[in-house]
Each structure stands twice: as C-alpha cells, then as structure tokens.
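J.: For reference, the sequence and a predicted model appear below.
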Amino acid sequence: DTGVSQNPRHKITKRGQNVTFRCDPISEHNRLYWYRQTLGQGPEFLTYFQNEAQLEKSRLLSDRFSAERPKGSFSTLEIQRTEQGDSAMYLCASSLSDQETQYFGPGTRLLVL
Amino acid sequence: GESVGLHLPTLSVQEGDNSIINCAYSNSASDYFIWYKQESGKGPQFIIDIRSNMDKRQGQRVTVLLNKTVKHLSLQIAATQPGDSAVYFCAEERLQAGTALIFGKGTTLSVSS
C-alpha cells in the first residue's frame, strides 16, 4: 500500500501525559499536513511542511503541540500535557507539491481520560 | 467568517437513485474545490476535484458542478450504491493564500437497499 500511513491508529492516555503520533506520507510527496477532526465536524488545519520546513501553523496549534519533519519524509506530532479537549482524530495528508490534491491517511484517534 | 458549508446535514436515498450533495462557499477568491468521502473511523478519501476555470468535471459515476456566480458546488453520484454510504465533505483551497484546505461540516449520505 503506497498511501499515507499513520501510527498508532488509536491512543488512549490520561490527562497530563505526552503523546506522539507518526505520519508517513506518500513517497516523494513534498508537502505534509496535519489536521484535527472532532466528532461531527470537518477536519481543521493545524500545520504543514514543505520538505523539512514547517511553513504555516494554525492558531489551533497551542504551545503544547509541536510537529517535526526532520528529514523531509515522515513527520511526528507531539502533544504535551494532554487535556480532555485534545480528544479528536488527528489526520495527516500529503501532496506532491502545492496546488496539488491532498491525500489523507487513516488518522490517529486520541482519547484523553 | 469565511467557511465552506453544506445545505443538508443528511441525505437518504434508495439504491440505484441518483444523489446530489450540495455545498455553498463564501469566498470568491477560492479557486480549487475538492470532494472527499469519509467512512466511519477512516480518513477522508479523495473523490473528485475541480478548479475555478471549469464548471463541470466528471469521474466514474460522479460529477462535480461549480457555479461561481452563486458560489455553489455540487456532487452528483449516479446509481447510488450501499457502499456510497458515508459522510461527504466539500473543501476549498485558496491557492494564492496558502494551501490549507477549509472543510465544511459534511453531509451524511445513507443508501438503503
């Protein structure tokens, strides 16, 4: 399967713990995006990378959130000191370049207890 | 604020019927539009896209229509099948303003046999 992959698919954690998610984009896709989706809503943009450079962050991305794409391939999204309001589906997407279609991974569903 | 919205939160059809899902957008500067299908527990799946220099685009059993005059987008699904049951999102992108997709809230399509 050469689509976008995300790990883990599900994560349950206690409030205050740190969690890290991984996204592997489609091979040779330069752009990588993170979105968050809560129940009944459409995905909301968090941040994106052009190769290893993080070019844009949404105001939704508080200082507890950090994303990296160190070698321009896979990316990680870390949430520190998780809160119950962080419970959501975290989606990763990639595109070949700008102005190209974004393809989504299966998401990581986070539940903060 | 600027957002992509959908006219109906739910749509129920019989197998074999044609389905039409509508979406209104508010920003005339949007120049790229995408329809995604999302099944329960999965990430959004690309269906079809259209750029603002077109008013119609056809795929396999799907057609997207764009009416820039009234800022309206629609997805037509021919001969709807039970496997088409999902939440459908339209998303817009303003290619000159960055590459974050803006999603509407979605329409849940239910297909009964």
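T.: Structure received.
J.: Next, B:Gly83: secondary structure please.
T.: Using DSSP: H, G, I helix; E, B strand; the rest coil as the criterion, the local structure at B:Gly83 reads helix.
J.: distance of it from B:Glu15?
T.: Summarising the geometry, the distance separating B:Gly83 from B:Glu15, computed by Cβ to Cβ, to the nearest Å, is 10 Å. Heads up, the C-betas are built off the backbone N, CA and C, glycines and all.
J.: Equivalent analysis for A:Gln37, please.
T.: Counting by Cβ to Cβ, the separation of A:Gln37 from B:Glu15 is 29 Å.
J.: ok so, going back, what about B:Gly83 and B:Glu15, which has more around it?
T.: Relative neighbour count places B:Glu15 above the other of B:Gly83 and B:Glu15, with 14 against 9, counting by other Cβ atoms under 10 Å in any protein chain shown.
J.: Could I get the pLDDT score of the closest residue to the more buried one other than its chain neighbours?
T.: With sequence-adjacent residues excluded and distances taken as Cβ to Cβ, 6 or more residues apart in numbering or on different chains, B:Glu15 is closest to B:Ser113, at 4.9 Å. At B:Ser113, the predicted lDDT confidence score is 90.
J.: how about B:Ser113, what does it touch?
T.: Taking Cβ atoms under 8 Å, 6 or more residues apart in numbering or on different chains as the contact definition, B:Ser113 lies against B:Gln14, B:Glu15, B:Pro82.
J.: Kindly recompute the last result at 10 Å.
T.: If a contact means Cβ atoms under 10 Å, 6 or more residues apart in numbering or on different chains, then B:Ser113 has B:Gln14, B:Glu15, B:Gly16, B:Gln81, B:Pro82 as its contacts.
J.: Strands of chain B, residue ranges please.
T.: With strands called from DSSP state E, chain B shows them at B:4-6, B:10-14, B:19-25, B:32-38, B:45-51, B:56-58, B:62-67, B:72-77, B:86-93, B:102-103, B:107-112.
J.: okay, and the common contacts of B:Gly83 and B:Glu15?
T.: In terms of Cβ under 10 Å, 6+ apart, B:Gly83 and B:Glu15 are both contacted by the residues B:Val111.
J.: A:Phe21 reaches A:Glu78, doesn't it?
T.: Yes - the pair formed by A:Phe21 and A:Glu78 meets the contact definition of Cβ atoms under 10 Å, at 7.8 Å.
J.: Pick out whichever of the two has more residues nearby.
T.: Legend: neighbour count by other Cβ under 10 Å for A:Phe21 and A:Glu78, higher for A:Phe21 (21 against 13).
J.: For beta bridges, what are the partners of the more buried one?
T.: With DSSP bridges applied, the residues forming beta bridges to A:Phe21 are A:Leu77.
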